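Colleague: Give me a 3D structure for the following:
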Amino acid sequence: MSAIAGDAVGVLDRMTCILEAFDGDDRGMGISELALRAGLPKSTVSRLVATLVRQRYLERDGKLIHLGLRLFELGQLAEQPRELRIAALPVMADVRNRTGENVHLAIRDGQEAVCIAVMRGRAAGPSIVRTGGRLPLHATALGKAVLAHTAPPGDEDVLPASLAPWTPQTITDPSVLRRQLAGIRRGGLATEAGEFVSGVSCTASAIFAPGGTLAGAVSVSGDGDDVDADQVAQVLRAAAMTITRRLATLRAPSD
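Modeller: Model prediction:
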């Protein structure tokens, strides 16, 4: 490890010690108490706290330091995929077993879809998408599924600013994409046929939380000539409904 990399890791470790010094009863701490809890020199804590306050990971109220809003925002982002994965993984395994194809789970993050779970099928080739991988909204079935249900029909801002061509089959005409999204909103499944990777087809269904808000999307993908479209459509619709029911169970208040 280079000296620069080592220094960076050291700073990260010290920042972690500072953040972990807080407990559930966050009434704020002064620099001296924070340094004592973190086991770090007061001068080091003072310097790093200034950086963390600037980045909104901590907040300063007079002489007291509190956990910042950005940590809460990141925690909210982390909760969504974790809960969705818990609800979806057993269902994805069933879809994989019934279709033999690759199964993916994704959520929207800005102008991209982020894959949060992958299950490789028995009959399918290697998955072209890894967990944590980002996908263009306009060129993938997963992306279209979440894009269609993100904004009300006719909202011009729903489309990505640029419909970049990933393959010769990628839809780059906004009017064509809008017609597809309208069909998906009317109850259709999202599809792609070699639009992201040549020779690979994919079908996706949006997943909704119990309150009706969009939670993500689940898809089945494989070689374009081998996927049984009718079987996949039936299995995906049932899977999306099952995941929604499982989300409701996870969110139900305990006695």
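Colleague: low-confidence ranges in the stretch 101-250 of the chain?
Modeller: 123-127, 151-158, 224-227 (pLDDT under 70).
Colleague: how about the helices of it, start to end?
Modeller: Counting by DSSP state H, counting those that start in this stretch, the stretch 101-250 of the chain has helices at residues 141-148, 174-185, 229-251.
Colleague: contacts for the last one?
Modeller: In this case it means helix 229-251. 83-84, 86-88, 90-92, 94-95, 98-99, 101, 189, 203-210, 215, 218-220 (CB atoms under 8 Å, 6 or more residues apart in numbering). Using the backbone N, CA and C atoms, a C-beta is placed for each residue, glycine as well.
Colleague: The helices of the stretch 101-250 of the chain: which one's closest to Ile107?
Modeller: Evaluated with CB to CB, the helices of the stretch 101-250 of the chain place helix 141-148 nearest to Ile107, the distance being 7.1 Å.
Colleague: circling back to that earlier point, can I get the helices of the stretch 101-250 of the chain in JSON lines including mean neighbour count?
Modeller: Shown next, in JSON lines, are these (neighbours: other CB atoms under 10 Å):
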{"stretch": "helix 141-148", "mean neighbour count": "29"}
{"stretch": "helix 174-185", "mean neighbour count": "16"}
{"stretch": "helix 229-251", "mean neighbour count": "17"}
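Colleague: With distance to Ala193 added, can I get those helices in CSV?
Modeller: Listed next are these as CSV, based on distance: least, CB to CB, whole Å:
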stretch, distance to Ala193
helix 141-148, 9
helix 174-185, 12
helix 229-251, 10
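Colleague: Tell me which of the ones you listed lies nearest to His66.
Modeller: With CB to CB, the closest approach to His66 among the helices of the stretch 101-250 of the chain belongs to helix 229-251: 28.4 Å.
Colleague: Using CSV, write out the CA atom coordinates for that closest one.
Modeller: C-alpha atoms of helix 229-251 as CSV (Å, rounded to 0.1, in the frame of the first residue of the first chain):
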residue,chain,number,x,y,z
ALA,A,229,-41.7,-14.8,-23.4
ASP,A,230,-45.2,-16.0,-22.4
GLN,A,231,-43.9,-18.1,-19.5
VAL,A,232,-41.6,-15.3,-18.3
ALA,A,233,-44.4,-12.8,-18.4
GLN,A,234,-46.7,-14.9,-16.3
VAL,A,235,-44.0,-15.7,-13.8
LEU,A,236,-42.8,-12.1,-13.5
ARG,A,237,-46.3,-10.7,-12.8
ALA,A,238,-46.8,-13.3,-10.0
ALA,A,239,-43.3,-12.6,-8.6
ALA,A,240,-43.9,-8.8,-8.4
MET,A,241,-47.2,-9.3,-6.6
THR,A,242,-45.6,-11.8,-4.2
ILE,A,243,-42.7,-9.4,-3.4
THR,A,244,-45.2,-6.6,-2.6
ARG,A,245,-47.0,-8.9,-0.2
ARG,A,246,-43.8,-9.9,1.5
LEU,A,247,-42.9,-6.2,1.8
ALA,A,248,-46.2,-5.6,3.6
THR,A,249,-45.3,-8.4,6.0
LEU,A,250,-41.9,-6.9,6.7
ARG,A,251,-43.3,-3.5,7.4
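Colleague: now that helix and helix 141-148, what's the angle there?
Modeller: 60 degrees (axes from the mean of the first three to the mean of the last three CA atoms, to 10 degrees).
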